[in-house]
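Chemist: Take this sequence and fold it.
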Amino acid sequence: MKPIRVAVIGVGNCASSLVQGVAYYRSNNSSQGLIHDRIGGYGAGDVEFVMGVDVDARKVGLDIAEAIFSAPNNTAVFMPEVPSTSTKVMMGRVSDGVAEHMTGMGERGFIVADQADATQAEIVQALKDSRAEVLLNFLPVGSEEATEFYMECALEAGVAVVNCMPVFIASRPEWERRFAEKRIPIVGDDIKAQIGATIVHRVLSSLFGARGVNVERTYQLNTGGNTDFMNMLDRQRLGSKKESKTEAVQAMLANRLADENIHVGPSDYVPWQKDNKLCFLRLEGQQWGNVPMNLELRLSVEDSPNSAACVMDAIRCCKIALERGEGGALIGPSAYYCKHPLQQFSDDTAAQMVEEYISDAAIAAE
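Modeler: Model prediction:
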């Protein structure tokens with residue numbers, strides 16, 4: 001089968017984990033760590049990175065296989081030798097993609113390349129020249145204008161999108177409608193991790209309700225030392241992120257909590273944690289006879305590899321949607337793989353929707 005041709009906007013930690021993973025699964029006959037071994041006949045190694053976009057001087061001009069190991073990336077290196085992609089990272093558009101404080105953090109922050117921003121025409125032409133089929137948006141939280149710029153490029157170039165970050169595109173009717181009208185598929189918004197803070201919080205919230213325990217208060221506190229957490233030191237960039245994470249949990253509660261009784265979101269940047277993310281969860285509720293109980297949990301994960309399996313599935317779902325001529329938000333995949341989809345479902349229901357979606361694709365592929 002021909003590979004799925006993928007363009008990456010933002011060659012940071014998440015891109016690094018994904019690119020390393022593709023090389024890993026190409027050279028290892030294993031399904032360990034994958035949610036689905038094959039979707040529509042495509043395996044995890046059946047992805048080809050044909051375009052990379054960034055604005056950091058340490059990445060622009062490098063082959064994607066080199067750029068993923070450049071500072072300020074600090075995620076786990078599990079595949080140190082990644083074959084050349086023969087694709088150099090091109091200069092993108094800075095816009096609001098770089099928080100002001102991030103340019104003053106030395107090697108840990110961003111060093112913006114001394115090049116003119118790419119125009120829409122240049123990005124669209126690059127997408128067409130690369131023959132990209134799926135575009136991944138890995139821009140930093142708060143990149144509202146930059147994200148909308150790249151979404152316009154994707155629509156003009158006719159490229160499917162996996163919106164991995166919390167600028168609402170697939171979940172906003174006016175944007176989703178435009179993708180549907182052009183028969184361009186999109187999965188979004190804001191990727192859930194494979195076993196991360198949001199999915200664990202959702203599952204525990206559902207468990208409380210299923211077992212008759214009314215959740216009265218809950219929090220999710222997260223710390224990390226990657227550029228994502230450094231970026232979110234600017235609280236003004238957190239609006240959509242907090243909404244995305246909070247609504248993902250609220251949707252699973254038997255009774256919606258008042259704002260003062262739920263806190264979900266990033267808490268602090270701890271440089272020495274690097275790409276390791278620590279999550280502290282607490283749920284308080286009332287059991288039989290109105291007797292109180294609480295649950296506390298500590299989760300430690302490498303943040304960027306934790307998202308890669310979900311992104312890989314989303315890429316392949318977009319590919320089979322393209323083969324079918326479908327457009328707009330992919331409802332089941334968006335609900336299962338993302339925190340803020342167009343329509344929220346329980347994770348069990350969303351999982352079943354995905355299974356039905358990809359089983360049809362498998363039959364079509366045969």
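
Chemist: helix/strand/coil for the nearest residue to Trp288 once chain neighbours are set aside?
Modeler: Residue nearest to Trp288 in three dimensions, not counting chain neighbours: Gly212, with 7.8 Å by Cβ to Cβ, 6 or more residues apart in numbering. Bear in mind the C-beta positions are built from the backbone N, C-alpha and C, glycine included. Here Gly212 is coil, with the state taken from DSSP: H, G, I helix; E, B strand; the rest coil.

Chemist: Next, the buried residues of stretch 238-256.
Modeler: Across stretch 238-256, burial judged by 16 or more other Cβ atoms under 10 Å covers 238, 240-253.

Chemist: Give me the mean pLDDT for it.
Modeler: Mean pLDDT, computed over stretch 238-256, is 94.

Chemist: same check, this time on stretch 86-102
Modeler: Rounded mean pLDDT across stretch 86-102 is 96.

Chemist: Just the CA trace of that stretch, in CSV.
Modeler: Output in CSV follows, covering the C-alpha atoms of stretch 86-102 (Å, rounded to 0.1, in the frame of the first residue of the first chain):
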residue,chain,number,x,y,z
SER,A,86,14.6,13.9,2.6
THR,A,87,12.3,16.7,3.8
LYS,A,88,13.6,19.9,5.3
VAL,A,89,11.7,22.0,7.8
MET,A,90,10.4,25.2,6.3
MET,A,91,9.8,28.5,8.0
GLY,A,92,6.2,29.0,9.1
ARG,A,93,4.3,32.0,10.4
VAL,A,94,5.1,33.2,13.9
SER,A,95,1.9,35.1,14.6
ASP,A,96,0.7,34.2,18.1
GLY,A,97,2.4,30.8,17.9
VAL,A,98,5.2,32.0,20.1
ALA,A,99,4.4,33.4,23.5
GLU,A,100,6.4,36.6,24.3
HIS,A,101,8.0,35.1,27.4
MET,A,102,9.2,32.0,25.5
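
Chemist: buried set for it?
Modeler: 87, 89-99, 102.

Chemist: Could you identify the pair within these that is furthest apart?
Modeler: Within the buried residues of stretch 86-102, two members stand farthest from each other by Cβ to Cβ: Thr87 and Ala99, at 27.2 Å.

Chemist: what's the following helix or strand after the helix or strand containing Arg26?
Modeler: Here Arg26 sits within helix 13-27, counting by DSSP states H and E. Counting by DSSP H and E, the next helix or strand C-terminal to helix 13-27 is strand 47-54.

Chemist: What's the mean pLDDT across that next one?
Modeler: Mean predicted lDDT for strand 47-54 stands at 98.

Chemist: on contacts alone, who are the packing partners of that strand?
Modeler: strand 4-9, helix 13-27, helix 64-67, strand 89-91, helix 120-130 (3 or more Cβ pairs under 8 Å, 6 or more residues apart in numbering; DSSP states H and E).

Chemist: List the ones among the buried residues of stretch 238-256 that fall in helices.
Modeler: Counting by DSSP state H, the part of the buried residues of stretch 238-256 found in helices is Ser240, Lys241, Lys242, Glu243, Ser244, Lys245, Thr246, Glu247, Ala248, Val249, Gln250.

Chemist: Let me see the contact set for the fifth one.
Modeler: Going back to what we said before, that points to Ser244. For Ser244, the contact set (Cβ atoms under 8 Å, 6 or more residues apart in numbering) comprises Pro166, Phe168, Asp189, Asp190, Lys339, His340.
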